[in-house]
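J.: Curious how this folds, go ahead:
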Amino acid sequence: MAYELIRVADATALAVLVADQWLDRVEAAARAGAPHRVALAGGRITERFLRTVATRAVDRGVRLSDVDFFWGDERCVPPDDADSNHRLAREALFTPMGIDSSRIHRVLGELDAAAGAALAEQELRRVTGMHGAKMPQLDLVFLGMGEDAHVASLFPGATAAVTESVGVYVGVIGPKPPPRRVTLTYRALVAASEVWVLASGAGKEPALRDSLESASGTPLGRVLRERSQTRIFTELSV
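T.: Next up is the predicted model:
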């Protein structure tokens, strides 16, 4: 497996490092006049990361106005629900940075999972211009990692309809509440230009250690195995 394991002292250092390296990517895209399309994650480390981005962007004078924001996964809840990944991003980043709504391409979690997945795929294809059978390519996907090594909402033991999906997004029923979700597929994660994993949180060392094994059967292990390169930022001891 080809991956880069980047170790930091703690979750705060992780958030600062990832924020600065991502802002470097944003600046590079702006200088090149290139689009920059990212998919955000959810969870505690993502909230810390996004709040750090908002602070560091102001300090560095970096504008996020040309970034298009998508999601790696979303819970099937309304956008103002406490469980909504969109709400997390809105409160931590979009509102503080004044991101224009035209750049925010949220998954419609208030719909059923299948409809939400179909519309999320349609929107990503519209923005990227990738229509037909060709897989649209995100410039960067941020992933968290659960205690069971799930990434996005790709959980261990998922059905073949999820694990072998040829779509961009797929509706799933996961083992964690709220169970109904929409997630990027493995195929979409493999197609992304870059994937950065923020592996953070107590008790996750076994999951990360297992995922780094060449024969790993975890969701993160599959992503690492099928991609040519993945970056993992972590304060965990593995």
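J.: ranges for the helices of the chain?
T.: 11-32, 44-60, 85-89, 95-97, 113-128, 160-163, 186-191, 205-211, 219-226 (DSSP state H).
J.: any chance of these in a markdown table, with mean pLDDT, mean neighbour count and distance to residue 2 too?
T.: C-betas here are computed from N, CA, C, even on glycine. Formatted as a markdown table, the helices of the chain follow (pLDDT from 0 to 100; neighbours: other Cβ atoms under 10 Å; distance: least, Cβ to Cβ, whole Å):
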| stretch | mean pLDDT | mean neighbour count | distance to residue 2 |
| --- | --- | --- | --- |
| helix 11-32 | 98 | 17 | 18 |
| helix 44-60 | 97 | 19 | 23 |
| helix 85-89 | 98 | 22 | 28 |
| helix 95-97 | 97 | 15 | 33 |
| helix 113-128 | 97 | 19 | 25 |
| helix 160-163 | 97 | 13 | 21 |
| helix 186-191 | 98 | 20 | 12 |
| helix 205-211 | 97 | 19 | 14 |
| helix 219-226 | 97 | 22 | 8 |
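J.: Run through the residues that contact residue 113.
T.: With contact set as Cβ atoms under 8 Å, 6 or more residues apart in numbering, residue 113 has these partners: 76, 171, 172, 173, 180, 181, 182.
J.: pretty sure the second one contacts residue 117?
T.: Same thing as residue 171. Yes - shown here, residue 171 and residue 117 form a contact pair, counting by Cβ atoms under 8 Å, at 4.7 Å.
J.: Quick check: neighbours shared by those two?
T.: Contacts common to residue 171 and residue 117, judged by Cβ under 8 Å, 6+ apart, are residue 182.
J.: quick revisit: can you tell me which two in the contacts of residue 113 are farthest apart?
T.: 173 and 182 (11.1 Å; Cβ to Cβ).
J.: quick one: which of those two has more around it?
T.: Neighbour count, other Cβ atoms under 10 Å: between residue 173 and residue 182, residue 182 has more, with 30 against 15.
J.: beta partners for the more buried one?
T.: With DSSP bridges as the criterion, residue 182 is bridged to residue 74, residue 171.
J.: wait, isn't it in contact with residue 70?
T.: No - contact criterion Cβ under 8 Å: residue 182 and residue 70 do not qualify, at 11.2 Å.
J.: which residues do these two both contact?
T.: Both residue 182 and residue 70 are contacted by residue 120, under the criterion Cβ under 8 Å, 6+ apart.
J.: Just give the number of residues close to residue 165.
T.: 22.
J.: give the contact list for it.
T.: Contacts of residue 165 by Cβ under 8 Å, 6+ apart are 185, 186, 187.
J.: could you redo the last one with a cut-off of 7 Å?
T.: Residues near residue 165 by Cβ atoms under 7 Å, 6 or more residues apart in numbering: 185, 187.
J.: Equivalent analysis for residue 70, please.
T.: Contacts for residue 70 (Cβ under 7 Å, 6+ apart) come out as 37, 38, 39, 105, 124, 138.
J.: do the same with residue 191
T.: Residue 191 makes contacts with 135, 137, as judged by Cβ under 7 Å, 6+ apart.
J.: Now do residue 9 against residue 45, distance only.
T.: Look at residue 9 and residue 45: by Cβ to Cβ, to the nearest Å, they are 14 Å apart.
J.: actually residue 79, sorry about that
T.: Taken as Cβ to Cβ, the span from residue 79 to residue 45 is 21 Å.
J.: Return the set of residues that bridge with residue 36.
T.: With DSSP bridges as the rule, residue 36 is bridged to residue 67.
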